[in-house]
Each structure stands twice: as structure tokens, then as C-alpha cells.
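**Q** Dropping the sequence and predicted coords here.
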Amino acid sequence: MKPAEADPRDALGRGGMSLSLEDITTYLRFGRELKSVILRVDLRIEPAEIVGLVGESGSGKSMTARTIAGVLPHGAVTEGRLLLGGENLLEMPHRRRREVQAKEIGFIFQDPRAYIDPLWRVEVHLTEAMRVHLGLSRSEARGRAIELLDSVGIDQPERRMRQFPDELSGGMLQRVMIAGALAMGPSVLLADEATTALDVTTQAEIVKLLGELSSQRGLSVLFITHDLALADIVCTRVCVMYAGRIVEVREGRQIFENPIHPYTIDLLAARPTILHRVGRLPVIKGVPTSAMDAPSGCPFHPRCRFALDECRRATPALVPVRGGFARCFRAHEDLKALSPETSDVALSSEENNALES
Amino acid sequence: MLLKAESLYKDFRLRSGLLGRSSRLQAVKDVSFVVPASGSLAIVGETGSGKTTVARIVVGLETATSGVVEADGITLSPKPGPDERRHRARMIQMVFQNPVMSLDPHQSIGAAIREVVSFHSLRPPSECDARVRELLNAVGMDLRLTASRPQNLSGGQCQRAAIARALAAEPELLVLDEPVSALDVSTQAQILNLLADLKARLGLSLLTISHDLALVRQLADDVIVMCKGEMVESGSVDDVLSRPQHAYTRRLVDAVPEIMGRPTAGSAPVSASGSGHYEDA
Amino acid sequence: MSAVASEMLVFEHETMPRAAGGRWEGLFQNVVVVISAVILIGIVCCALFAPWLVPHTPNAIHLLDPYTGPSRSFPFGQDSAGRDILSRLIYGSRLSLLGPTIVVAIAFVAGVPLGFLAAYRGGFTDGIVSRLFDVIFAFPPLLLAVVIVATFGASFMTAVFAVAVTYIPLMGRLVRSAALVERSKPYVEECRLQGYGAWRVLFVHMMPNIGRIIISQTTLYFAYGLLDLSALSFLGLGAQPPQIDWGGMLENANQGVFQSSTGVVFPAVAIVLLVVSLNFIADWALDFRSRKSEQR
């Protein structure tokens, strides 16, 4: 098997661009009102970096990806600076912005079957955009598509080109989607829960593939997931989002061992682990909230074990702490050591009752 | 109740091509297991392993091509009619993967639970509502939500309601099909605690179908690993997950992010290495 | 979902919040629906109160003034036999409303149970019912209706029956598809698991969820039924004189269209108004119910 080699042609002569979000706030329109879904997000991805964005429902992680790609619902407003290779996408004329977004930003979504038209052969899916946007002829596009399939680790690419999506397994199809995302030679790759619907063994392979692609092509990758453990091993840097804000940023491999923010600490503790059984999983009381429904002050404070009065009154800023950043007034304390990781206190059903909002 | 499955086989006929050439897909091959009374067994596998098919056979939604399912020594009918189903529902209930879709969008959750109680004639009509309240309390659900429809509830709340509905029939075995995969991490913990709680309090046995090995460790005592319809390994959760014997099981365990990250703790992200092509199934 | 398909997990963590359109969109939709409702009510009132609303007896002939344009005593003009078009229009609303109503009723009563049966039983039963539908579908609807009418003689009821037959498979197919979709959903499987009988599953659980689609489609079938019936009347195969319906008025006015177009214009406008209003109301009904069920 031929190892995947970096093909200089694939990078289309560009060395990869950095993606930078500065003070980005996105509002969605509800009737006459505008409600924020992500608030003052700062994020920077350099070429060949994989940055993870981790969060639950309402955290705003998908909205962040959509803001970068420019696929927000009608009437949405974005403030701040969205810089791709130094140029602010938000200040570009609409047409140029669309063009840049189509060519420079590739997407991979969670369910490949929902995004790849089952009616057409794989070949069509891959070559369509190239022929339209890059003006390639059919045979040129075909050739490039075969190269792409090869570079994402699909064997017998010529054969696969002629197949229909339903003839391919989930993992294969996700690779096809990745190939499609790379077709235009983008500098940025947005992977939104790209491995969530896959088997764990396939997930491991896809994740390795993303790593290779990122380093070989100088891609800036945004890896969105709800799985902290996965982000921990895949990403060079991990950002945790809650209620539309980034609440913690850590270098890769640190977030799992040394979380700083109470939310991250509790999120890690609430997960079952393959290593041993826990008497009772510590539960974060309440439910995750979105930016729209967040209370004043620190968005996490109603659910936080370590909340102080201050947390209700003021919103903490993202402060540098121990090699990372955290949005917490108590970030400098070693909160993880303060309380036991697991608790064997059984909750009565009344208490359970009171927990769900 | 002791549930025993012996030599289950399930073939599906697939049609392909214009002329409808049919081929046989062996989804389940010679699967046997036992769920002891008040025990907890998990069936683990990836897509296409046949684990969901096995669960559906146990519950009666699918008919095994051959093989037997026994509850307390009595064979359960492979092709149950409504009466047999009703009888089986008093012993075995199921909690589905997608909480919102497993509830009738047109019924309030209170009505759905009440329907089960009255259908099985478990309480006289005057006491049905009280029973519904009891069940909702048992799953930690706010009683003010009794009249709510599934679309207006969160995933976690729907799953609690679904569990309450399953408990309404007073079963001895709960079959859980990926019970928390569609839920947020923080909600998953709540539901897992609830299930462990109910098992302890009511003496329920649990048959959990999952691809999530961490969940299996948390919830199950014994586990069987399925690959392409066959059982490749079985044993206690501790044995199988900590000291996997079969190559496939080892592959599964090694691919879990926590395990993937372990050997080289503190080093570069795992994604930066690797080479070569992959031929997945 | 088949057992194999259900093993593919789709993680729905963050669904896109439903951002509504601008405020003008909602307003426009509402105004149109209100106007449609007013029109519909107006036509129904015409039908109900016809005897009191008409300026002239609809069948009173004035042979000396065929195909006359609007005048003071005949505001909409006169038809081939000098009859008052306005009065005929008002009276015509009766059969023009009654006809489609019966069509829809027959299609409903025959189509819905057949559709459910095919979906729930599947297999052989589904095969037979679907083939039956296919046979009827194979004929162009109007042609089939013409054949039936030609066989049994032209009259209002024959026309209604003929059109109804062509709508049975439409309704049946619709119900069958909707029922098949519902049947594969987990909540229906759960009902089977509990041991609920077919009746309970169909009527307590599946029907209410399909109802929205059925109601909306029924409204549309009413509208198209009217068009079909009017077409038959236009061909002279529907209601016969002295019965009045709008299609028949069109047939009558056909001959004298160059002398006076009012005979053609007014019935045509009436048909179009009714059909379009029904379409808007059907749309709104579909949206309304679905918006209601999506409210948090």
C-alpha cells in the first residue's frame, strides 16, 4: 500500500492560512429580536494545527462552525473580526466572501449519508464542485477525485468512484466526505462531530487521517465534538464552550489530566470510564444552557459546585492560568483537588426531581 | 426472572439489482447467553454486529430464524400474537435509543404511562392516575410535566418518561438499546445513575445493548462481544474489558480514546502519527 | 428503521434554533389566509342563503336577450337563454360545494381504511391494495370519469361518483405512505411490544399523528375535485339542467363568448377563487398544526 504523500499540487500553491476569530458574537433572529448564540469568542488556528471545540447542547460549538462557514439562518448577524489569512471575511463584499468561503473552507459533518446525495455516484459528488468552481473538465476533475480518494485512504479509488453512497460503509462514506471537503484545496477544515456517528474503531482511523492531512497539507482544523477524551488525544489545543462562551482553553493532553474550570472538571467526572466502575456518577445538577437562556453573571454559576456570590453578579473574563485559560473567578485555586472526584451519595428521587429544570 | 437465549440465528433476505436477486444476510449466528435474575448483561459490538437484532428478538419485535428464548424455563413464542405479546410485555420491556421518537408525539407522557397501566389492568381505573404519579416519582421526573408532550421535553426527560412507561408494566427484565447515546454527557450520568438505582431497588435485570465500552463498564456485570453476527468473546465485564482475549475485543478496547491516549501520556496528539491506507468493511 | 440501519447513531446535540422570517412574511401569510377564509365563508353563505340572495329566479328564461352584457337589472349579464348570470352563480354554489364534498367523503371513507390496511398488514395485503390503486391510477382521471359517466348516463351524481373513484387511490396512497412512515417509528414498535391490538395502534396512536397531513390534503382534494367536476360539467357530462353548477355555466357560455364574456368570466373567477382560497387555507392548516406541535 502506498503511503499517503503530500502532493504539492493539492495545496494549490498555498502554504495554508491561519484562521482567527476575534471577539466574535453571533446573533440569531427570532421574529423581531436578536438573540446571541455565541458571545465574544476568541479563537485562533494556525496551519497544521488541530483545535478542538468541546461542548454540549447549546454550547454554541456548531454555531461557531457555521459562523466561520457563513451558513447561518436568515437574518443572523455576526459581530467581530473573522480573519482568514489576515483578511476579514465579515468586511468583504458578499460575493467575494462566498467565493472565499467555498474555496478555502471545507466541512465535514456528522452524518455523511445526510450530506451526500444518495442518488448520484460518488464520482459526481466529488467532481461537481470542482467543475463548477474551478472550471475543470470532466476528465481533469475525475483524475483529481481519484487522487483525493487515494489520499484519504480509500483503496481501489476507481472502483469506488462508480459506486453509490449506500454501497459504502459509514466510515468509507465519511472518508468520501473528507475527500469532497478537500477537493477545492481549502486551508481550513471544519469537522463538526465528524466521528460521532462512527464506530469507535473507525473513529480512531478517521482521527488519524485528519491528523495526517492536517500536518501534510498545512490545514487548520477545527475539531468539534462533545467527547472531551477524544478531543484530548486528537487536538493540539482544546477549547471548552458553555452557553456560547469559551470557558477554558488548554493545550492538548492537559485538559484531561488537569482541567481548571468547574464545568470541565465536572464534565470529566460525570463520564463513565472504561477503566473502572464508579459507585455513583457525580451529576452536574441542572441542564446545559444556551447563550440565550444563560443567567446573568457567570453562565455556569447556578450549576457550579464552587460558586461564590461574586459569580452571580459579574461575568468572569478569560484569564491565563497554568498554561491555559479559564473563565472563572476561582481559576487560580486548584478546584479539582478540592472535592472528591466521585461521590457515593445516593440522591433521593425528590432531589433528582429538583435537579432537572 | 432468568432469561436464556440459545443458539439464536437470524437471516435477512435482501433484494438487490433490477431483477430482485435475493441474497441472505446472516445478521445473527449462533448467539447464546443468560441474564440471571437481577443481573446485568451487556451486548457490545459495532455497526452491523447484530446486537440490536438480538435485542429485538428477545423482546419479540423480530423473529429468530432458529434458536430459542426462554424466560424462567418457559419458551417464548417466536412469532407472538397480540395476546402473547401482552403476556411477554409483563416480563420484558424495552427502552429505545431515541427518547423523543419512542413516545407518541400526540400523547402526553402521563397519558402514555396511564395507557400501559390500564391496558395491562394493573390498577383499577380510579387508582391509575396515582400509579402514574408513583412511576414518575420513581424516575425522578417533575410531576408538573405529566401533561407535557414529548416534543416539549428535553432528551433526558423523555428518556425518564420512557423508562417510567416501561416500568408501568412491572417487568422483570429491561432491555436497553443504546439508552443514553442520544443524550448530553451530563444527562447521561443522571440516567445511568437512575438505571443502576432502579435495578437495585426493584431487582430488575438489565440487558444493555451498546457500542460504548465505558457505559458497559458502568452498568453491566457480564458482557458478550459481537462481531458480524457472531459472539467472539464473553465473560465478566472486568475480565473482558481489562484483559481482552480475542483480537477483535482488543481492537475495540484499544480504539477507545481514553485507552488510545494512555500509553503515551503527555506526548504529541495521537493524530499526528500514522500512515497507510485503510480498508474498512 | 431496519435493525441494521438503526445501529447507525445520529447524534443530535444541537439542532439549529428556529429563526423565524422577517415580520413581513408572517403578516403576508396571515392576511392571505384571512382573505381566503372570508371568501370561503362568503361562498358557503351564498349556497345556504341562495333563495334570499338572488335578484331573479335562476331558471327564468328571457329568450329575447341571449348573451347580453351587464345591465341594471342583470348586473352580471345574461346567458344563452337570457337567464340571470348572477342568480345562477349564487345558486350554482350549492352543487359546486356539494359535489366536491361528496367526492372527498367517498374518497375518505374508501381510501383511508384501505391505505391503513395496506400499511399495517404489509406483504400480500399491501400488494393487492396497491395493485388496485395502480389500476385506477393507470387511467387518466378525467378520461376514466368520462367513461364512467358515458356508461351510466350524465347526471350530477354519476359525475360525482366518477370523480370520487379517481380520488380513492390518491387518498389511499397518501394514507398508506404516511402510515408506513409512522409504523417504522419507535413509538409504534413500542405499542406492538406492549401487545396493543391493531385497532388501538391505528386509531389511538397513528391516526392523530397522520391526521394533520390528511386534513390538509383533503382540503386540496376538495379544490381539485371541484375542478374535475367543473370540467365534466363543461363537457356536458355533469349536472344537467335545470340543475345549476359553475362548470355547466361555462359550457353554456362557451358558445356566446364573443358576444358577452361575462358568462365565462364570472363562473371561472368563482371557481378559481374557491380553489385558491382552499389552497391557502390548506397550507396554513398544515403549518399551523406543525408549528403548534413544535412550540416549546
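**A** That came through fine.
**Q** what secondary structure does the residue of chain A found nearest chain B sit in?
**A** Residue nearest to chain B within chain A (Cβ to the nearest Cβ): A:Gly211, separated by 2.6 Å. For every residue, glycine as well, the C-beta is placed using N, CA and C. Here A:Gly211 is recorded as helix under DSSP: H, G, I helix; E, B strand; the rest coil.
**Q** Go ahead and confirm it touches A:Val234.
**A** Yes - contact between A:Gly211 and A:Val234 holds when scored by Cβ atoms under 8 Å: they sit 7.0 Å apart.
**Q** So which residues on the stretch 101-250 of chain C come close to chain B?
**A** Residues of the stretch 101-250 of chain C found near chain B (Cβ under 8 Å from any Cβ of the partner chain) are C:185-187, C:189-190, C:192-198, C:204-205, C:208-209.
**Q** Assumed A:Gly185 was part of a helix.
**A** No - note on A:Gly185: no helix contains this position according to three-state DSSP, which reports coil.
**Q** That one is in contact with A:Ala102, isn't it?
**A** No - the pair A:Gly185 and A:Ala102 does not pass the contact test of Cβ under 8 Å, sitting 11.3 Å apart.
**Q** With neighbour numbers in mind, choose between these two.
**A** For A:Gly185 versus A:Ala102, the count of surrounding residues by other Cβ atoms under 10 Å in any protein chain shown is larger for A:Gly185: 19 against 16.
**Q** between A:Gly211 and A:Val234, who's got more neighbours?
**A** A side-by-side neighbour count of A:Gly211 and A:Val234, using other Cβ under 10 Å, places A:Val234 first with 32 against 25.
**Q** Give me the distance between the more buried one and A:Ile255.
**A** According to Cβ to Cβ, to the nearest Å, A:Val234 and A:Ile255 sit 11 Å apart.
**Q** just the helices in the stretch 1-150 of chain C please.
**A** C:23-53, C:85-121, C:123-138, C:141-152 (DSSP state H, counting those that start in this stretch).
**Q** do you know which of the ones you listed lies nearest chain A?
**A** Among the helices of the stretch 1-150 of chain C, helix C:23-53 comes nearest to chain A, with 5.9 Å by Cβ to the nearest Cβ.
**Q** Mind giving me the packing neighbours of the closest one?
**A** Contacts defined by 3 or more Cβ pairs under 8 Å, 6 or more residues apart in numbering or on different chains; DSSP states H and E place helix C:23-53 against helix C:85-121, helix C:262-294.
**Q** pLDDT score for the residue in the stretch 51-200 of chain B positioned nearest to chain A?
**A** When scored by Cβ to the nearest Cβ, the stretch 51-200 of chain B has B:Gly140 as its residue closest to chain A, at 3.0 Å. Here, the pLDDT recorded for B:Gly140 equals 89.
**Q** what do you get for the one 4 residues further on?
**A** For B:Arg144, the model assigns a pLDDT of 91.
**Q** a helix runs through it, doesn't it?
**A** Yes - if the criterion is three-state DSSP, then B:Arg144 is within a helix.
**Q** re the thing from before, most surrounded residue in the residues of the stretch 101-250 of chain C next to chain B?
**A** Most surrounded of those: other Cβ under 10 Å gives C:Glu190, at 27 neighbours.
**Q** residue in chain B nearest to chain C?
**A** For chain B, Cβ to the nearest Cβ, closest residue to chain C: B:Arg86, 3.1 Å.
**Q** and that residue, what are its phi and psi?
**A** As for B:Arg86, its main-chain torsions (degrees, to the nearest 10) stand at phi -60, psi -40.
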